[in-house]
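S.K.: I would like to see how this sequence folds:
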Amino acid sequence: MLRYIIWRILAIFPLALMISFIAFILLELAPSDPAEVALRVNEIVPTPEAIEGMRHELGLDKPFFTRYFLWLIAGFQLDFGTSFLTRTPVIQEMLRALPPTLWLASTALFFTIILALPLALWCVAKPQGFTDKSIRFVVFILTAIPNYWLGLLLIWGVAVHLDWLPVSGMLSPQSVILPALALSLGYIGTYLRLLRGTMLNQWHQPYVFYAKARGLPDNLILRRHILRNSLYSSLTALGMSIPKLIAGTVVIENIFAWPGIGRLCISAIFGRDYPMIQAYILLMSLLFLFFNFLMDVIQMMADPRLRR
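M.R.: So this is what the prediction gives:
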C-alpha cells in the first residue's frame, strides 16, 4: 500500500511539471504583447518607453526558460504574479473567489449523490420495467440538455414564474439551490447509469446466489450487499467529478451572477489577464491530479481485492 502511494506521488510530479509548462507557454502564444495589454487595461498610453518599462517589470525581457523557472519557483510559494485588471496579487483574488465556488460545487455534489443513489436503486429493483424506462428516459433528456439552458429554464420557471427562490447572486443560503441544481442534473444521469449498470452486473455474482439461498429478500440483498460492492467502481468517477464540478462552474456562475472562480476566469479571459488565466489553468489541472490520486488511494483501501 505504501509503495503504491509513493509510486503515485512520484508519477504526479512529471505531469504537474508538464501542465505548468503548458500553462506558462500560453503567454508566449498570446496574439498581443502582454506588456501592452497590461498598460491598456489600466488606461495607460502604450508608448515605447512605457512598454519597455512594463516588460522589465513583468520580467519579459529575460530568456524564456529563465522566466519559466522563476515563475515555477514563485508558484511553489503561491505567488502567481499580479492581476492586470485589479493590480492585486492573483492568489489573493483566487482565494477570495474560491469559497463561493467550493460551496456551489459541494452543494451540486450533494444533490448528485442524494438523487442518483435512490433513483438507481429504484431502477434496479425492477429492471426493464415501466419505472426503470421512465426514469432513464427523463434522465437521458436532462443529461442531453446543456447546463446553461437548464439554468435559464430554472430561472424562468422556479425563480421568475413561481417566485420560490432568488434569481441570482449570493444574497441568502437559498441562492445556491438553483445554480447547484443546474450544475448537478447532468451528473445525476451519468452516475445513475453507472450505478445501475454496475448493480445489474452484481446480481450474477456468487455471493448474491448464496444470499438468495439463505432466504434473504431481494431488497435487503440490493441495499446491504449489491449497493456496497457497486460503490467501489464508482469512487474514481465520483472523485473526478469534484474537480469537474469546480471547473464546470464557469458558465453557471455567469448565468446566476455567482461570485466565484468561474466568473473570475471569464473576466480574466475577456480582459486578457494572463497571470490570472495561467493560475486558473494550473489550479484546475492540479485539482484533477489530486482528486484522481485521492480516489485511487481510497478505492484501494476500501477494496481488498486491489491490494493483492
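S.K.: helix or strand for M300, which one?
M.R.: For M300, the host element (DSSP states H and E) is helix 274-302.
S.K.: what helices and strands are in contact with that helix?
M.R.: Here helix 274-302 touches helix 2-25, helix 90-125, helix 227-247, helix 261-270, going by 3 or more CB pairs under 8 Å, 6 or more residues apart in numbering; DSSP states H and E. Any C-beta I mention is one placed from the backbone N, CA and C, and that applies to glycine too.
S.K.: flag every buried residue along it.
M.R.: Judged by neighbour count using 16 or more other CB atoms under 10 Å, the buried positions of helix 274-302 are 274-286, 288-289, 291-293, 295-297, 299-300.
S.K.: again with stretch 185-203
M.R.: For stretch 185-203, the neighbour count (16+ other CB under 10 Å) marks 185-196, 198-200, 202 as buried.
S.K.: contact partners of the lowest-mean-pLDDT helix or strand in the chain?
M.R.: Between all helices and strands in the chain, the lowest mean by mean pLDDT, DSSP states H and E belongs to helix 34-41, at a mean of 72. Helix 34-41 has contacts (CB atoms under 8 Å, 6 or more residues apart in numbering) with 27, 30, 45-46, 50-52, 54-55, 58, 60, 84-85, 271-274.
S.K.: what's the closest of the buried residues of stretch 185-203 to V250?
M.R.: Within the buried residues of stretch 185-203, the smallest distance to V250 is 14.2 Å, found for G186 (CB to CB).
S.K.: who touches stretch 217-226?
M.R.: Residues outside stretch 217-226 that contact it (CB under 8 Å, 6+ apart) are 121, 124-125, 199, 202-203, 207-208, 211-212.
S.K.: OK, contacts around the nearest residue to A237 once chain neighbours are set aside?
M.R.: Excluding its sequence neighbours, the residue lying closest to A237 (CB to CB, 6 or more residues apart in numbering) is L194, at 6.1 Å. Contacts for L194 were tallied using CB under 8 Å, 6+ apart; they are 233-234, 237.
S.K.: tell me the angle of the helix or strand containing L194 relative to helix 227-247?
M.R.: L194 belongs to helix 177-202 when elements are defined using DSSP H and E. Put simply, helix 177-202 runs at 150 degrees to helix 227-247, going by axes from the mean of the first three to the mean of the last three CA atoms, to 10 degrees.
S.K.: going forward, begin numbering at 47 instead of 1
M.R.: In the new count, where the first residue is 47, that last one comes out as helix 223-248.
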